[in-house]
Each structure stands twice: as structure tokens, then as C-alpha cells.
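1. When you get a sec, could you give me coordinates for this:
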Amino acid sequence: EILSIPLYVLAAFDRRRLSSQEAGIKYFVLGAFSSAILLYGVALTYGATGTTSLTGIAKFLSENTLLDQGTLLAGFALLLVGLGFKIAAVPFHAWTPDVYQGAPTPVTAFMASATKAAGFAALLRVFSIAFSTYHQDWRPAVEALAILTLVVGSVAAVVQTDIKRMLAYSSIAHAGYVLIGFAAMSVDKSSAAARGLESALLYLLVYAFMTVGAFAVLELAGRRGDDRHGLDDYRGLALRRPVLGGLLAFFVLAQAGVPFTGGFIVKLEVFSAAADAGLYELLAVGVLASVVAAFIYLRIAVALFQPADETDPAQAAMITATSRPVDVWSALVLIAAAGMTFVVGIIPGTFIHFAKDATLLL
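-> As a prediction, this is how the structure comes out:
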């Protein structure tokens, strides 16, 4: 909640644009609603166990048999719904496209990376620690969320014409891949459970860099004072500004899972964790969703290298527009994002080892 409250303001920070104000209001209203659901889940969990400590809940559930499990099950169902909003899992994702499109692009980058990672961190800690005893009860719900999130996020992104909305729906699909690792974490096989958690953490790390890099390019390549990010607006960007166009193509292809990028490694890790856990239905849906998503990213990458149509007013305006210069800080962000995305794809072993160490902190 401390993270969310400033974001309500930042989403509406560009007061000159109605879309930014709309994004802030939508995020605030739906965010407050989800927080109320989350708080109600905490209250029911406290009523069933007598504590709000994660380790205390786990200890109580392992040492006691509840005569009435309805209160507890309702509690962690509401917790899953509340946290599902934070990570933009389907069907709690409705706010994401409008808010991501309307918010200032730097704010969108932060929301799509840091906020989603924080939501997943809370989700992983709550369910892997507090409700580990009841993993057989909540795993089917997580599997259903993963399938819905992958399918809806990938399919809905196909029909979008605005790049920010495309990336918004693709971020929903990316949450589905992390949920696959989360579901694998809940199986009884210890090696598969460990690999599921490791793959989820590694996916969040690489996803954050790919996403920040893509939105940073959109911010630098867009027209000053303009919130339009249509696919046609960026047609020929790689020909006009080769570095920015090439970087945007690299980031979207990495999200597609092209080999020798971090996106390929993290998807491979998630799929391997699902196979190791015996979750073949999630593996099949994940692979199919990746195929659909590849069309989205290739569509963006191809447009970047196509000559702009100067007879089209929008494309002609983009060619003659005054764009933002790449200052030192922007260059550092792009270098860090591209470097991390590339290095993970080349030497993944080091980062997989870091992910294993990180699981000890949860």
C-alpha cells in the first residue's frame, strides 16, 4: 500500500492530458477496492489462526486441525484476489491497459516492472510460507489464474494498435509465466518446487529490465507533449534513429523469447520447472501463448524497420517531430537494461545461481 499510494498520484501527474487523469482515477478506485478485499482476507485469516505473522500462521496450521476450514479458505481466497489485482492477473487485470496507456511513460515503466515485482514478492511469501500446508487447496486456483492470464494477455495484445497497450497486455501475459513457476513451487516434489520458485524470481528480474528498456525507448522516441504511441507512429524508427529503433527491436524480441536473450532463458526455466513438476497442461498453454505473443513482438520489430509513409499525416508528423534527446541518465538506463537482458541470455548459469540464493531470503 505504501508503494501504491504514490502511484495513484504519479499516474495522474500529467494534468494536461485527460488520459492521465483518467488513469489516476481508475487506478485509485480499483486499487482501493482491491486493498479492501486484501484487508478482509487478512482479517479472516487472523480470525482462523489468531495471528498475522507468516511463520505464525504456518506453525498454527501445521500443529492444529481446523474443525471449520471455511473461514481460512475464504481468507486466502480473498488474499489471492487482492494480490491478483496487484500483479494484473486475469480476471483482475481490467485496470492495466487504460492505466498503462494513460499514465506518463516513465511511470508506466515503473508500474509494469517494480510494482508487479513487489506484488509477486508478497504473493510468493504469503502462500509459500503462511499457507504452505494447504498448497493442494490453492494450487488449482493458481493454475487457473495462470492459464487465463496467459490466454487473455496474449490474445488481447494481438488486436491492439497502440504500442503501450500492446505492452500492457503482454505484461499481463508475462504474469502468467511467473504464475507457472508459482504453481510448480506448490508441488510435493521438493526439487520441482525449488526450481519453480527459482524460475519465478529469475523471470521477474529479467522481465523488469526488458520492460524498463522498452518503455524508456518509447519515452525518448515519442513526440514531445504527445501521448500517442500508435504502431504507425513508430514505423521507420530504426531508419531515422538506428540506436533507439534497434534497442526497441531488441527488447521486444527478448520478450518474445528469442535465443541468446534473457527472455529465452527465463521462459525455458519456467517451462522446465513446469515439466519437472508434471504440470503439462500449463506447459502446453505457455508454449502456445509464446507462439501467439511472438506475432505481437515481431509486428512491432518489423514496423520499426519499414519506411514511414510520408503521405500519412501521423507518420509524417512523427518524422518531422522534435523528439527527446538521449541524456546521460537515459543512456545509462538503456545500457543497463540492454546489458542485463543480453548477459543473462549468454551466461545464464550465474544468474540462475543468484536466483537459488534469493529463494533462501523468502
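2. Does residue 285 touch residue 147 like I think?
-> Yes: contact criterion C-beta atoms under 8 Å: residue 285 and residue 147 qualify, at 5.2 Å. For every residue, glycine as well, the C-beta is placed using N, CA and C.
3. shaky segments in the stretch 251-362 of the chain?
-> Within the stretch 251-362 of the chain, the segments meeting pLDDT under 70 span 309-324, 362.
4. Same check on the stretch 51-200 of the chain?
-> Residues of the stretch 51-200 of the chain that meet the cut-off, pLDDT under 70, sit at 66-68, 189-190.
5. what about residue 264, distance to residue 33?
-> Look at residue 264 and residue 33: by C-beta to C-beta, to the nearest Å, they are 37 Å apart.
6. When these two are compared, which one has more neighbours?
-> Per other C-beta atoms under 10 Å, whichever of residue 264 and residue 33 has more neighbours is residue 264, with 19 against 13.
7. and that one, backbone torsions?
-> Backbone torsions of residue 264, given as degrees, to the nearest 10, read phi -70, psi -40.
8. my read: it touches residue 345, true?
-> Yes: counting by C-beta under 8 Å, residue 264 touches residue 345, with 6.0 Å between them.
9. Give the intersection of the neighbour lists for those two.
-> Common contacts of residue 264 and residue 345 (C-beta atoms under 8 Å, 6 or more residues apart in numbering): residue 254.
10. which residues of the stretch 51-200 of the chain fall in helices?
-> For the stretch 51-200 of the chain, applying DSSP state H, counting those that start in this stretch gives helices covering 54-63, 70-86, 95-102, 105-110, 116-125, 135-158, 163-185, 190-221.
11. Most tightly packed of those helices?
-> helix 163-185 (a mean of 27; mean count of other C-beta atoms under 10 Å).
12. which other helices and strands contact that helix?
-> For helix 163-185, the elements it packs on are helix 95-102, helix 105-110, helix 116-125, helix 135-158, helix 190-221, helix 262-277, helix 280-304, judged by 3 or more C-beta pairs under 8 Å, 6 or more residues apart in numbering; DSSP states H and E.
13. Please save the CA atoms from that helix in CSV.
-> C-alpha atoms of helix 163-185 as CSV (Å, rounded to 0.1, in the frame of the first residue of the first chain):
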residue,chain,number,x,y,z
ILE,A,163,2.3,0.0,-28.5
LYS,A,164,1.8,1.0,-24.9
ARG,A,165,-1.5,-1.1,-24.9
MET,A,166,0.4,-3.9,-26.6
LEU,A,167,3.0,-3.9,-23.9
ALA,A,168,0.3,-3.6,-21.2
TYR,A,169,-1.4,-6.8,-22.4
SER,A,170,1.9,-8.5,-22.9
SER,A,171,2.8,-7.6,-19.3
ILE,A,172,-0.4,-9.4,-18.3
ALA,A,173,0.8,-12.5,-20.2
HIS,A,174,4.2,-12.3,-18.5
ALA,A,175,2.5,-12.5,-15.2
GLY,A,176,1.0,-15.8,-16.4
TYR,A,177,4.5,-17.2,-17.0
VAL,A,178,5.5,-16.2,-13.4
LEU,A,179,2.4,-17.9,-12.1
ILE,A,180,3.5,-21.1,-13.9
GLY,A,181,6.6,-21.1,-11.7
PHE,A,182,4.5,-20.3,-8.7
ALA,A,183,2.3,-23.3,-9.4
ALA,A,184,5.3,-25.5,-9.8
MET,A,185,6.5,-24.3,-6.5
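14. Residue 84 and residue 92 touch, don't they?
-> Yes: if you go by C-beta under 8 Å, residue 84 and residue 92 touch, sitting 4.3 Å apart.
15. Need the nearest residue in space to residue 336, chain neighbours excluded.
-> Spatial nearest neighbour of residue 336, excluding adjacent residues (C-beta to C-beta, 6 or more residues apart in numbering): residue 209 at 7.3 Å.
16. so that neighbour makes contact with residue 342?
-> No: if you go by C-beta under 8 Å, residue 209 and residue 342 don't touch, sitting 9.8 Å apart.
17. what is in contact with these two at once?
-> Joint contacts of residue 209 and residue 342 (C-beta under 8 Å, 6+ apart) are residue 262.
18. For the nearest residue to residue 294 once chain neighbours are set aside, give its distance to residue 47.
-> Excluding its sequence neighbours, the residue lying closest to residue 294 (C-beta to C-beta, 6+ apart) is residue 256, at 4.7 Å. Using C-beta to C-beta, residue 256 is found at 46 Å from residue 47.
19. now swap in residue 212 and tell me
-> Relative to residue 47, residue 212 is positioned 40 Å away (C-beta to C-beta).
20. Same question for residue 60.
-> In terms of C-beta to C-beta, residue 60 sits 12 Å off from residue 47.
21. likewise residue 140?
-> 24 Å.
22. residues in contact with the residue nearest to residue 294?
-> 263, 290, 293-294, 296-298.
23. let's go with 10 Å and repeat that
-> Counting by C-beta atoms under 10 Å, 6 or more residues apart in numbering, residue 256 makes contact with 170, 263-264, 267, 290-291, 293-298, 300-301.
24. Now distance to residue 2 too, for these, in TSV please.
-> Below are those laid out as TSV (distance: C-beta to C-beta, whole Å):
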residue	distance to residue 2
170	27
263	30
264	35
267	32
290	35
291	39
293	33
294	37
295	39
296	34
297	34
298	39
300	34
301	38
